[in-house]
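1. Predicted model and sequence follow; I will ask about them next.
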Amino acid sequence: MRTHATRPLLAVAALGAAALLAGCASPTGADPAADSAATGADAEASAYPLTIDNCGTEVTFEAAPERVVTVKSSTLELMLALGLEEKIVGTAFSDGPVPSEYADAATELEVLSDKVPSQEATLAVEPELIYAGWESNLSAEGAGERDALAALGVASYVAPAACKGEGYMPDPLTFDEVFREFDEAGAIFGVPERAAELVAAQREALEAVRPSEAGYTALWYSSGSDQPFVGAGIGAPQMIMDAAGLDNVAADVHDTWTAMSWEAVVEADPDVIVLVDAPWNTAEAKIEALSSNPATAGLPAVQGERYVVVDFPSTEAGVRNVDAVASIVAQLDALEP
């Protein structure tokens, strides 16, 4: 694998080649099993070298990475969803337990750190690729700067939804973009068919959700006590609320997240408050804070306990987003009118 800290035109080479070859019909009279195996091998071989402009850094994969360190739950869980646990040599900075369907696969994985791993800890497991959930994970204080890692022969790839640079940050984030990222990961790791199956299953599940028709306004409360940190108008919270039928009171803020004053929250007077449940800042702690804060204690949503809860990993682009939409709709339907 080669990495270059340049910013060329967006280039994703041969993403469709594997799927195209895999779909070719078998010659008449050929052994279907042997032909299928050959087609799969040809499809995988045809996908490389694969060059991707990732958040402004060009990354070239000569072959599927075999030794990967994941940083953040979003990257770990996508690899598990694609059945790639055997390629993971270390994980770090997870935001909570993995979903139950991935628990067995994750049991034996080595945890390098509860937070962003140091470069020393990361390199100790000899990764070929560091798959980061945030750009900030790849820093001198963290797993290492991208240029420095590349000089050591270690590639880096950031979940595209987390890119912050102009022209790279999704604006707004959509489910089509989330699913495109699943396909891109499938191409990188040489499993395009698995990625296609994952996308198809998630699209089907999303289409089965019927958004709430109650017309609720909502505040997406992620963290903060003196000043709340809330979901704004172009990130995963907005995408999820749109799909669930909620009207975000911070939708006019052109960012993924934003700080909001309690006075502004009171003025917005949301019908529902979405609480992000994180191990370091639980939904219960947020409820207590809202109830004890003189500014918010009188809000009808607080007095009526009109809360909807989502777990933190669901708040970032990844395999949990569709389930989050379905969960929110079910919780909204259970609220008394």
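-> Yep, that arrived.
2. Please work out how many residues are found near residue 193.
-> 16 (other Cβ atoms under 10 Å). The C-beta positions use only the backbone N, C-alpha and C, and glycine is treated the same way.
3. Can you pull the phi/psi pair for it?
-> phi -70, psi -40 (degrees, to the nearest 10).
4. any idea how far it lies from residue 200?
-> 11 Å (Cβ to Cβ, to the nearest Å).
5. One more: residue 256?
-> 27 Å.
6. Counting neighbours, go ahead and name the busier of these two.
-> residue 256 (24 against 11).
7. what's near enough to touch that one?
-> By Cβ atoms under 8 Å, 6 or more residues apart in numbering, residue 256 lies in contact with 169, 173, 231, 232, 234, 235, 236, 237.
8. Excluding covalently adjacent residues, which one is nearest to residue 236?
-> Nearest in space to residue 236, with sequence neighbours left out and distances taken as Cβ to Cβ, 6 or more residues apart in numbering, is residue 317 at 5.3 Å.
9. and that neighbour, how many neighbours does it have?
-> 26.
10. so what's it scoring on pLDDT?
-> Residue 317 is assigned a predicted lDDT (pLDDT) of 98.
11. I figured it hits residue 74, correct?
-> Yes - counting by Cβ atoms under 8 Å, residue 317 does reach residue 74; the two are 6.4 Å apart.
12. tell me, what's touching those two both at once?
-> Common neighbours of residue 317 and residue 74 (Cβ under 8 Å, 6+ apart) are 159, 162.
13. distance of residue 97 from residue 81?
-> 15 Å.
14. neighbour-wise, which of the two wins?
-> Neighbours per residue (other Cβ under 10 Å) separate residue 97 from residue 81, with residue 81 holding more: 24 against 13.
15. In the stretch 1-150 of the chain, mark out all the helices, start to finish.
-> 17-22, 32-46, 73-81, 103-106, 119-123, 146-151 (DSSP state H, counting those that start in this stretch).
16. for the stretch 1-150 of the chain, which spans come out with low pLDDT?
-> Along the stretch 1-150 of the chain, segments meeting pLDDT under 70 span 1-46.
17. What strand or helix carries the residue nearest to residue 236?
-> Under the criterion DSSP states H and E, no helix or strand holds residue 317.
18. helix or strand for residue 276, which one?
-> Going by DSSP H and E, residue 276 is in strand 272-277.
19. Give me the sheet partners of that strand and which way each runs.
-> strand 217-223 (parallel), strand 307-311 (parallel) (DSSP bridges).
20. Save the ones you listed as CSV, and put in distance to residue 111 too.
-> As requested, those are arranged in CSV below (distance: least, Cβ to Cβ, whole Å):
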stretch, distance to residue 111
strand 217-223, 23
strand 307-311, 19
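21. Just name the most buried of those.
-> Highest mean neighbour count of the strands paired with strand 272-277: strand 217-223, a mean of 23 (counted as mean count of other Cβ atoms under 10 Å).
22. Tell me how far that strand lies from the chain's centre.
-> A distance of 19 Å separates the centroid of the chain from that of strand 217-223, by Cα atoms, centre = their mean, to the nearest Å.
23. ok, now stretch 81-94?
-> Counting by Cα atoms, centre = their mean, stretch 81-94 comes out at 14 Å from the chain centroid.
24. now swap in stretch 232-247 and tell me
-> Taking the mean of its C-alpha atoms, stretch 232-247 sits 15 Å from the chain's own mean (Cα atoms, centre = their mean).
25. can I see the domain layout of this protein?
-> 2-205, 217-334 (automatic domain parsing).
26. Redo those domains as TSV? Include distance to residue 211.
-> Shown next, in TSV, are the domains of the chain (distance: least, Cβ to Cβ, whole Å):
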stretch	distance to residue 211
domain 2-205	13
domain 217-334	3
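27. what about the helices in the stretch 151-300 of the chain?
-> Going by DSSP H, counting those that start in this stretch, the stretch 151-300 of the chain shows helices at 175-188, 192-208, 236-244, 262-268, 283-292, 300-303.
28. most packed of those helices?
-> Among these, helix 236-244 has the highest mean neighbour count (mean count of other Cβ under 10 Å), at a mean of 25.
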